[in-house]
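S.K.: just to be clear, the model below is a prediction. Sequence and coordinates:
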Amino acid sequence: MDKKIRIAIIGVGNCASSLVQGLTYYKDTKEDQKIVGLMHTVLGGYKISDIEVVAAFDVNKTKVGKDLSEAIYAYPNNTATFAKVEKTGIIVSRGMTHDGIGEYLKDVVIKAPGETANVVKILKDTKTDIVISYLPVGSEEATKWYVEQVIEAGCAFINCIPVFIASEPYWQKRFAEKHLPIIGDDIKSQVGATILHRTLVNLFLDRGMPIDHTYQLNVGGNTDFLNMLERSRLKSKKISKTQSVTSQLKLRDLDIADDNVHIGPSDYVPWMKDNKVAFIRIESRHFGDVPMNVEVRLSVEDSPNSAGVIIDAIRCAKIALDNKLSGALIEPSAYFMKSPPQQFTDTKAHKNLEEWIQKYSK
């Protein structure tokens, strides 16, 4: 068993920046330490320092051809800087565009000149174990193109965006046939709008109170929110976020009419940068059918919030490789992702994940 976990990153945006900064920030963490921001200091025998980036792909001329340590801070990235990353020697390669640049990003993301790099060759030459996709929301064709490269190169895959791969039987079969694991789809942040909304829904249901109406409205100032101003690209994101919450009712054989639930990004506010603000409202009835409601406002730096989860997803994918597990990984996907192949409550998903880690750790 190789103690190093070699990862490749598709899309060197804010989320990639937070992940790479985190590898520096936590590199000296001792095994017996309880550290702020980590769900597991050691997972399956792997520390944060065991993870190393060996390849990265992007299409933006501000990033392609640059050392990864420069690219993660390059425009239009605007997330918090909490670690100074030294030169890595990893040069960002020119990726495939396809539908990766939407209407609202075309003036922000200027394509780098030159041909698309040989992704399969790079992944093989660097002996990449796991590929992580941080493509923009709505990149359906680009995602599928990269998935084909990942399968051909023989790597595990973690799909952080709401293009449905791990949750689709066709792709599950493709990965299983190649004896490769996949975790997906659409990363669920440590304490973000989705998991907070799900937790509140389950609190109401546990206490015998129905969900009559609910909404979740999100605003932010990163390129993700700018990109999602294009309504056609927002479709998969709304589906992913909505079904992540409504699944908690369906697990109890309950339902809510489509007109009574609204969940999704609402607007782009440039000065907010990578800060995301979510407004959640739930309307219900308690004893005697007396109406009540609750409103919550969440403010969080968006990209570090997801990096805290992807750190564990990476180590779970490596455990799967060590144990020759293939296809969609049910337990890690259910806890880490909004749209996994199978939904559970977060309490049940967490229990299942810890049992899975215990079972397959060496």
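M.R.: Arrived safely, thanks for sending.

S.K.: stretch 291-298 - what's its average pLDDT?
M.R.: Stretch 291-298 shows a mean pLDDT of 98 in the predicted model.

S.K.: buried stuff in that stretch?
M.R.: Buried residues in stretch 291-298, counted by 16 or more other C-beta atoms under 10 Å: residue 298. In short, each C-beta sits where N, CA and C put it, glycine included.

S.K.: got the CA coordinates for it in CSV?
M.R.: In CSV, the C-alpha atoms belonging to stretch 291-298 read as follows (Å, rounded to 0.1, in the frame of the first residue of the first chain):
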residue,chain,number,x,y,z
PRO,A,291,-48.8,27.8,12.6
MET,A,292,-45.1,28.6,13.3
ASN,A,293,-42.0,29.4,11.2
VAL,A,294,-38.3,29.7,11.6
GLU,A,295,-35.8,31.8,9.6
VAL,A,296,-32.1,31.3,9.5
ARG,A,297,-29.3,33.4,8.0
LEU,A,298,-26.0,31.6,7.3
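
S.K.: which residue of the protein sits farthest from its center?
M.R.: Distance to the chain centre peaks in the chain at residue 288, reaching 41.6 Å (criterion: C-alpha atoms, centre = their mean).

S.K.: per-residue pLDDT, that residue?
M.R.: At residue 288, the predicted lDDT confidence score is 98.

S.K.: I'd assumed it was in a helix, is it?
M.R.: Yes - under DSSP: H, G, I helix; E, B strand; the rest coil, residue 288 sits within a helix.

S.K.: ok, it to residue 209 distance?
M.R.: Here the distance between residue 288 and residue 209 works out to 12 Å (C-beta to C-beta, to the nearest Å).

S.K.: excluding its backbone neighbours, what's nearest residue 142?
M.R.: Excluding its sequence neighbours, the residue lying closest to residue 142 (C-beta to C-beta, 6 or more residues apart in numbering) is residue 98, at 3.8 Å.

S.K.: hmm, residue 148 and the one you found touching each other?
M.R.: No - here residue 98 lies out of contact with residue 148, judged by C-beta atoms under 8 Å, at a distance of 11.6 Å.

S.K.: so which of these two has more stuff around it?
M.R.: Neighbours were counted for residue 98 and for residue 148 using other C-beta atoms under 10 Å; residue 98 has more, 17 against 13.

S.K.: give me the secondary structure label for residue 131.
M.R.: With three-state DSSP as the criterion, residue 131 was assigned strand.

S.K.: what residues are up against it?
M.R.: Residues in contact with residue 131 (C-beta atoms under 8 Å, 6 or more residues apart in numbering) are 7-10, 123, 146, 150, 153, 155-158.

S.K.: for it, give its distance to residue 273.
M.R.: Relative to residue 273, residue 131 is positioned 28 Å away (C-beta to C-beta).

S.K.: distance of the closest residue in space to residue 304 that isn't next to it in sequence from residue 192?
M.R.: Spatially, and ignoring its direct neighbours in sequence, residue 304 is nearest to residue 18 (4.5 Å; C-beta to C-beta, 6+ apart). For residue 18, the distance to residue 192 under the criterion C-beta to C-beta works out to 13 Å.

S.K.: ranges for the strands of the stretch 201-350 of the chain?
M.R.: Listed from the start of the chain, the stretch 201-350 of the chain has strands (DSSP state E, counting those that start in this stretch) covering 213-220, 261-268, 275-286, 290-301, 327-328.
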